[in-house]
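Novice: when you get a sec, could you give me coordinates for this:
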Amino acid sequence: MAVPPEGISRANLAPLQLHVPEPKFRPGDAVDFASVEVPPAGAQRRPDTAAPADSFHELAYTLVRVLDDEGRAVGPWDPRLSPDRLRRMLRHMVLLRAFDERMFRAQRQGKTSFYMKALGEEAVAVAAAHALDYEDMCFPSYRQQGLLIARDWPLVDMMNQIYSNSADRLGGKQLPIMYSAKEAGFFSISGNLTTQYPQAVGWAMASAAKGDTRIAAVWCGEGSTAEGDFHSACTFAAVYRAPVVMNVVNNQWAISSFSGFAGAEATTFAARAIGYGIAGLRVDGNDALAVYAATQWAAERARTNQGATLIEHFTYRTEGHSTSDDPTQYRSAGEPTAWPLGDPIRRLKDHLIGMGEWDEERHAAQDREVAEEVRTAQKAAEANGILGHGLHQPLDSLFDGVFEEMPWHLREQRQQMLDEEEASGRPWARK
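Specialist: Predicted coordinates for the structure are as follows:
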């Protein structure tokens, strides 16, 4: 048995303690977000896009903001967008919210098995899509359907995938909301956390190795930064100066655990960029102009071979993680309305009204127009079938899409499956 050196006693030492993060508000608690520091809009400097990453570390700890409390665009990060561009961004955000609401109801009606809304986070994907080039490759997480909507992808196609119907381009092989649209620069969504991060960095490295001009952009939730894939991707992005914009959507909550379990109590998520030697920005994720400006800035760094940028979008998940989640079981019901950064759609709408380029009447008319557009798309998609009506794809297609040429053992398994189903008398066993 080992014996402590002479003269050293541990009897008077306090026992070690393990810190377990605990959210500030639980169900039934009153909410007070006074501890959330919201700096004045326009107060943050905008470095040159060629500036060394270690020359603006403070931007990883503050909040880059453009829209002030009166809805005015102020400060050096103001992207000075045209009224037409602002109205298009607003419409896409409104369309995303209307799409989410109708698909959420469709899930509750049994027409599909699963859905995830982006309520309160519409600016994160929509504004970024407007700041990127259409040819840039996006590697989304499962709450960035706004990228497709901002790129004017057909709503019917998205709904076909949600319903896993006969027109589903993915053949019913993906969980609803896990879209894939190569033509829109939208990489297949994965349910496995953060797999898209090393994929995006690898794609960006390949683009640079080929001398291409396209960059990559990738998104994950703050909880996913605890995954090893996130850190592997950051290492490769830093070492090879990959032309990639790395987005962390800090919406305060994972499916039932708050951001502290991923490290939010210790520092910001943008600060992780500092340890890797890459540029880091922390942005007001409910400010569409700030998201646009930060993405545009990061994209320019990537295109000019200045390397990767990590952007933390500080926002709030207003509703549950998904239709399988009940947030009233783990957080205060008062959190969504008390969130100090407000609603992204209302803030952009107020900005346009303040400019004299919009009004409440036009906004109400747009709401009606968008609601009708989504309703029409839903009818068209449901004509192709809904998930609740059974299998819509040929059964033997279950084995397709994995190998260019199906190996012998899978051909045998497929035939065995078809023989068994044929013997069972099920009519959908045949093509």
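Novice: in what helix or strand does residue 138 lie?
Specialist: Assigned by DSSP states H and E, residue 138 falls within strand 137-139.
Novice: run the chain-centre distance for that strand.
Specialist: Remark: strand 137-139 is offset 11 Å from the chain centroid, using CA atoms, centre = their mean, to the nearest Å.
Novice: so what does that strand touch, helix or strand wise?
Specialist: Secondary-structure packing of strand 137-139 (3 or more CB pairs under 8 Å, 6 or more residues apart in numbering; DSSP states H and E): helix 196-209, strand 216-221. Every residue, glycine included, has its C-beta placed from N, CA and C.
Novice: okay, the angle between the first one and strand 216-221?
Specialist: Okay, so that is helix 196-209. Helix 196-209 and strand 216-221 meet at an angle of 170 degrees, taking axes from the mean of the first three to the mean of the last three CA atoms, to 10 degrees as the criterion.
Novice: contact partners of helix 196-209?
Specialist: 137, 139-141, 187, 189-190, 213-220, 229-230, 232-234, 236-237, 240, 242-244, 246, 302, 305, 308 (CB atoms under 8 Å, 6 or more residues apart in numbering).
Novice: buried residues, it. List them.
Specialist: Buried residues in helix 196-209, counted by 16 or more other CB atoms under 10 Å: 196, 197, 198, 199, 200, 201, 202, 203, 204, 205, 207, 208.
Novice: just stretch 33-51 next, same as before
Specialist: Applying 16+ other CB under 10 Å to stretch 33-51 flags 41, 42, 44, 46, 47, 49 as buried.
Novice: between these, which is nearest residue 339?
Specialist: Closest approach to residue 339 among those (CB to CB): residue 41, at 16.4 Å.
Novice: surely that closest one is in contact with residue 67?
Specialist: Yes: in terms of CB atoms under 8 Å, residue 41 counts as a neighbour of residue 67; the distance is 5.9 Å.
Novice: what is in contact with those two at once?
Specialist: 74, 284, 287.
Novice: restricting to C-alpha, output stretch 260-278 in PDB.
Specialist: Taking C-alpha atoms only, stretch 260-278 is exported to PDB below (Å, rounded to 0.1, in the frame of the first residue of the first chain):
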ATOM      1  CA  GLY A 260     -24.800  24.500 -20.000                       C
ATOM      2  CA  PHE A 261     -24.300  20.800 -20.600                       C
ATOM      3  CA  ALA A 262     -22.400  21.800 -23.800                       C
ATOM      4  CA  GLY A 263     -20.300  24.300 -21.900                       C
ATOM      5  CA  ALA A 264     -22.300  27.500 -22.000                       C
ATOM      6  CA  GLU A 265     -21.700  28.300 -18.300                       C
ATOM      7  CA  ALA A 266     -18.000  28.400 -18.900                       C
ATOM      8  CA  THR A 267     -17.800  30.700 -22.000                       C
ATOM      9  CA  THR A 268     -19.400  31.400 -25.300                       C
ATOM     10  CA  PHE A 269     -19.600  28.900 -28.100                       C
ATOM     11  CA  ALA A 270     -17.900  31.500 -30.400                       C
ATOM     12  CA  ALA A 271     -14.900  31.500 -28.100                       C
ATOM     13  CA  ARG A 272     -14.100  27.900 -29.200                       C
ATOM     14  CA  ALA A 273     -12.800  29.400 -32.400                       C
ATOM     15  CA  ILE A 274     -10.100  31.200 -30.400                       C
ATOM     16  CA  GLY A 275      -8.500  27.900 -29.300                       C
ATOM     17  CA  TYR A 276      -8.300  26.700 -32.800                       C
ATOM     18  CA  GLY A 277      -6.900  29.900 -34.200                       C
ATOM     19  CA  ILE A 278      -9.900  30.700 -36.500                       C
END
